[in-house]
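**Student:** Pasting the sequence and the predicted model now:
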Amino acid sequence: MREFILSPSLLSSDFGNLRAELTALEDAGLKWVHWDVMDGAFVPNITFGPPIIGRLRKTSKLFFDVHLMIERPERYIREFADAGADLLCIHAESTLHLERTISAIREAGMKTGLALNPATPLAIVDYLLPSLDMVLIMSVNPGFGGQSFIPFCKDKIAALSGMIRARGLETLIQVDGGVTLDNAKELFDLGADVLVSGSAFFGFPPYAERHKAFQDAMRAK
């Protein structure tokens with residue numbers, strides 16, 4: 001069976017106690033954590049940036065899955081690398097020179113990710129797919145937590161999975177937006193490897209029990 005990775009989104013965590021939240025995730029057996037970085041321009045909200053990530057990097061062994069919802073992300077690649085991001089995921093819609101920016105992320109020592117908004121076609125990843133460690137399928141429009149899953153994104157996940165298999169690649173598929181216990185197994189079966197869950201995870205403590213519930217859902221018939 002393929003490995004299932006749960007990457008809880010800190011967007012739904014207690015911002016006043018991020019260090020404690022990261023410790024609690026580790027204690028609950030999580031391996032990844034998802035940082036939603038927003039600039040108030042590409043999306044309406046503003047969250048956190050390299051200084052906060054860098055500060056908390058020193059206290060956490062989690063894999064820092066950093067999702068940039070910012071305009072012209074190429075300006076900040078070195079800052080996020082220095083802050084300790086393990087994977088840097090940029091939006092296809094946020095920069096003019098995708099290949100150059102993806103190459104710069106890899107050269108900075110991070111794994112590469114490319115996010116697609118719900119209405120952005122898969123064709124945009126065609127030539128880039130061999131250079132990507134992960135493709136993020138946004139299943140809500142980015143910028144806010146707690147939104148409902150957009151149904152047509154299921155077809156997009158399945159199509160992307162077919163593209164990856166056809167080329168014999170090991171690119172991970174991540175899904176972010178409206179992921180719950182009710183749809184996690186279906187998304188995994190469609191080809192998703194990494195599921196981002198915000199309010200459907202952090203809203204149901206204790207985290208160890210919630211993590212186990214997601215793992216159990218993967219084993220359901």
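**Tutor:** Received, thanks. Residues are numbered from 1 along each chain as shown.

**Student:** What are the boundaries of the strands in the chain?
**Tutor:** 5-8, 32-38, 63-69, 87-91, 111-116, 134-138, 172-176, 194-197 (DSSP state E).

**Student:** will you turn these into TSV that also has mean pLDDT, mean neighbour count and distance to Ala24?
**Tutor:** Backbone N, C-alpha and C define where each C-beta goes, glycine included. Converted to TSV, those look like this (pLDDT from 0 to 100; neighbours: other C-beta atoms under 10 Å; distance: least, C-beta to C-beta, whole Å):
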stretch	mean pLDDT	mean neighbour count	distance to Ala24
strand 5-8	98	24	10
strand 32-38	97	24	11
strand 63-69	98	24	16
strand 87-91	98	27	21
strand 111-116	98	22	25
strand 134-138	98	25	24
strand 172-176	98	25	21
strand 194-197	97	26	15
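
**Student:** Those strands into JSON lines, with extra columns for distance to Glu21?
**Tutor:** Below are the strands of the chain laid out as JSON lines (distance: least, C-beta to C-beta, whole Å):
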{"stretch": "strand 5-8", "distance to Glu21": "9"}
{"stretch": "strand 32-38", "distance to Glu21": "9"}
{"stretch": "strand 63-69", "distance to Glu21": "13"}
{"stretch": "strand 87-91", "distance to Glu21": "19"}
{"stretch": "strand 111-116", "distance to Glu21": "22"}
{"stretch": "strand 134-138", "distance to Glu21": "22"}
{"stretch": "strand 172-176", "distance to Glu21": "18"}
{"stretch": "strand 194-197", "distance to Glu21": "14"}
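
**Student:** Which of the ones you listed sits closest to Tyr207?
**Tutor:** strand 5-8 (7.8 Å; C-beta to C-beta).

**Student:** show me where pLDDT drops low in this structure?
**Tutor:** 1, 144-146 (pLDDT under 70).

**Student:** The nearest residue to Phe42 once chain neighbours are set aside: neighbour count?
**Tutor:** Spatial nearest neighbour of Phe42, excluding adjacent residues (C-beta to C-beta, 6 or more residues apart in numbering): Glu71 at 4.8 Å. The local packing of Glu71 (other C-beta atoms under 10 Å) involves 15 other residues.

**Student:** which residues touch Glu71?
**Tutor:** Listed by C-beta atoms under 8 Å, 6 or more residues apart in numbering, the contact set of Glu71 reads 39, 41-42, 94.

**Student:** looking at it, Pro51 is touching Gly84, isn't it?
**Tutor:** No: look at Pro51 against Gly84 with C-beta atoms under 8 Å: they stay out of range, at 11.5 Å.

**Student:** And these two? Which one has more around it.
**Tutor:** Under the neighbour definition other C-beta under 10 Å, Pro51 and Gly84 were set side by side, and Gly84 has more, 17 against 10.

**Student:** That one against Arg57, yeah?
**Tutor:** Yes: when contacts are counted by C-beta under 8 Å, Gly84 is listed as touching Arg57 (3.2 Å).

**Student:** Now list whatever residues contact both of the two.
**Tutor:** Joint contacts of Gly84 and Arg57 (C-beta under 8 Å, 6+ apart) are Phe64.
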